[in-house]
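*Asks:* I need the structure of the sequence given here:
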Amino acid sequence: MDQTLYMILRNQNHNLYNNVRSFARTYNALQKDIIDKTYYTETLTYACISLILGQQKKSKTRKSKSNFVTNKHAHKFSQQNKQNSQNDADDLENDQVKKEEIELEDSFKNDRSEQKQRRRMIKQKIQFQLRKKLMKYLISISVSAFLVCGYFLAFHFLSTQTFLNISGEIDVIKAAFSRVTSKDNMLFGILDAYINNKTILINGFQEQINYYNRRGYEEEQDYQTQLFQKQNPQVPDSMKLYEVYDQKDFCSKAFQRKVVVNDSFSVSVDYCQTAGKGALQNGILAYFYQMLQKYQQIQLFFNATKRTEDVIKQTIGSKDFTTLTDLNLRIVQQAWADLELKTYNEVKNFNEQEKTKYIILFSFFVAIIITVLILFFTKMLNSNKMLYLMNYEALDEQHRNNIEIFLKKY
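*Replies:* Modelled structure (predicted):
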């Protein structure tokens with residue numbers, strides 16, 4: 001702004017100088033014209049005097065006194081005409097000078113008023129530009145702050161939701177994997193107690209067969225709670241299969257394609273529906289409760305009777321016991337293993353999607369930071385270029401000090 005005002009004043013001084021030169025040229029031209037006119041007037045006067053003297057020479061009858069008087073009057077008349085011409089020229093010159101002075105003064109007044117008006121307009125434009133730039137900077141800073149705050153808020157909510165989902169994933173995987181495993185532990189506890197024909201204590205003097213049966217009930221209840229009483233967006237496809245497996249469509253859904261267990265045994269839909277007198281026709285849920293009741297009866301029988309070799313063989317070798325055990329090992333566990341693998345892969349894919357969200361969010365944040373930095377350095381470079389355009393040597397001491405103070409700040 002200071003440089004702009006300096007250039008404006010310099011241009012006005014230059015205009016004033018041009019006006020003075022124009023006035024001087026006009027005055028010189030008028031002065032030359034006045035001198036020419038004066039010389040012309042003197043020439044005519046002398047011509048008139050010459051004619052008068054010629055007439056005097058031809059008139060011999062006039063007296064010498066009269067000639068003297070005539071010459072005296074002629075000379076006086078010539079001097080008077082010359083003086084009048086000179087006075088007229090001086091008056092004309094004075095009038096012209098006064099006129100030029102008045103015009104020059106009016107011009108100065110007009111120039112001053114125009115300069116004031118221009119300064120006022122320039123000041124208004126500068127203030128408008130400053131306000132405009134200030135608004136741009138405020139908007140830019142507000143938008144940048146909003147985007148940065150938005151990133152952290154989004155990161156906070158996304159992290160909170162992710163941690164909740166991870167906790168839900170752990171509960172789902174634990175409940176799904178423990179459901180069948182707990183039934184295997186119940187079978188192990190019964191066989192271990194009957195084969196050794198003694199009460200086995202584990203986990204702080206707890207009866208092994210009682211502990212595993214109780215855990216079997218608890219794991220089944222936990223499975224029902226975690227998978228069917230809570231929302232699990234991590235495993236939507238697996239949830240549909242869990243619901244189907246607990247209903248009548250278990251065999252048709254799990255073994256719609258024949259599953260080969262080993263070289264001598266395979267499971268089909270018909271075999272699944274007819275095995276164990278149709279124990280799996282109503283789904284895994286009904287079959288597991290039937291198994292829990294049978295194992296509970298065997299536990300009570302173990303503590304209530306005298307366990308002889310024949311009694312033990314009859315108990316763990318009974319057809320009902322072996323049938324339930326065989327269904328669990330050869331049919332249920334095959335279908336359940338596939339479902340566990342599907343659940344694990346679905347949880348893994350869900351976590352990959354969550355990770356992708358974090359990457360996208362972080363990339364967006366980095367892009368914002370880079371954009372802000374580019375804009376900032378671009379503005380700084382433009383400011384430095386404007387400083388390069390300045391003629392530092394031509395500035396006065398005050399302007400130099402202002403520039404040095406500005407550079408020290410940044």
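*Asks:* can you give me the strands in the stretch 51-200 of the chain?
*Replies:* Shown for the stretch 51-200 of the chain, no strands are assigned by DSSP state E, counting those that start in this stretch.
*Asks:* okay, now the unreliable bits of it?
*Replies:* 51-112 (pLDDT under 70).
*Asks:* okay, now the domains of the chain?
*Replies:* The chain breaks down into these domains under automatic domain parsing: 2-148, 166-370.
*Asks:* what's near enough to touch Tyr151?
*Replies:* Leu361, Phe364, Phe365, Ile368 (Cβ atoms under 8 Å, 6 or more residues apart in numbering). Glycine gets a C-beta too; all of them are placed from N, C-alpha and C.
*Asks:* what's the ChimeraX syntax to select whichever of these are buried?
*Replies:* In ChimeraX syntax, the buried subset of those is picked out as below (16 or more other Cβ atoms under 10 Å):
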select :365,368
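*Asks:* between the contacts of Tyr151, which is closest to Gln208?
*Replies:* Leu361 (51.0 Å; Cβ to Cβ).
*Asks:* secondary structure element for the closest one, which one?
*Replies:* According to DSSP states H and E, Leu361 maps onto helix 333-389.
*Asks:* still on that earlier bit, which pair of the contacts of Tyr151 spans the longest distance?
*Replies:* Distances among the contacts of Tyr151 were taken as Cβ to Cβ; the most separated pair is Leu361 and Ile368, at 10.9 Å.
*Asks:* coming back round to it: closest one to Asn402 out of the contacts of Tyr151, please.
*Replies:* Nearest to Asn402 among the contacts of Tyr151, with distances taken as Cβ to Cβ, is Ile368, at 34.5 Å.
*Asks:* spatially nearest residue to that closest one (excluding sequence neighbours)?
*Replies:* In this structure, Ile368 finds its nearest non-sequential neighbour in Leu147, 5.1 Å apart by Cβ to Cβ, 6 or more residues apart in numbering.
*Asks:* can I assume the one you found is in contact with Ile369?
*Replies:* No. With contact defined as Cβ atoms under 8 Å, Leu147 does not count as touching Ile369 (9.5 Å).
*Asks:* neighbours around Leu300, how many?
*Replies:* 12 (other Cβ atoms under 10 Å).
*Asks:* in which helix or strand would I find it?
*Replies:* Per DSSP H and E: Leu300 is located in helix 284-304.
*Asks:* after that helix, which helix or strand is next? Please name it.
*Replies:* Taking DSSP H and E, what comes next after helix 284-304 is helix 309-316.
*Asks:* can I get that next one in CSV, CA atoms only?
*Replies:* Taking Å, rounded to 0.1, in the frame of the first residue of the first chain, the C-alpha atoms of helix 309-316 are listed here in CSV:
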residue,chain,number,x,y,z
GLU,A,309,-17.6,-103.6,36.0
ASP,A,310,-21.0,-104.9,34.7
VAL,A,311,-22.7,-101.7,35.8
ILE,A,312,-20.1,-99.5,34.1
LYS,A,313,-20.3,-101.5,30.9
GLN,A,314,-24.0,-101.3,30.9
THR,A,315,-23.9,-97.5,31.5
ILE,A,316,-21.3,-96.3,29.0
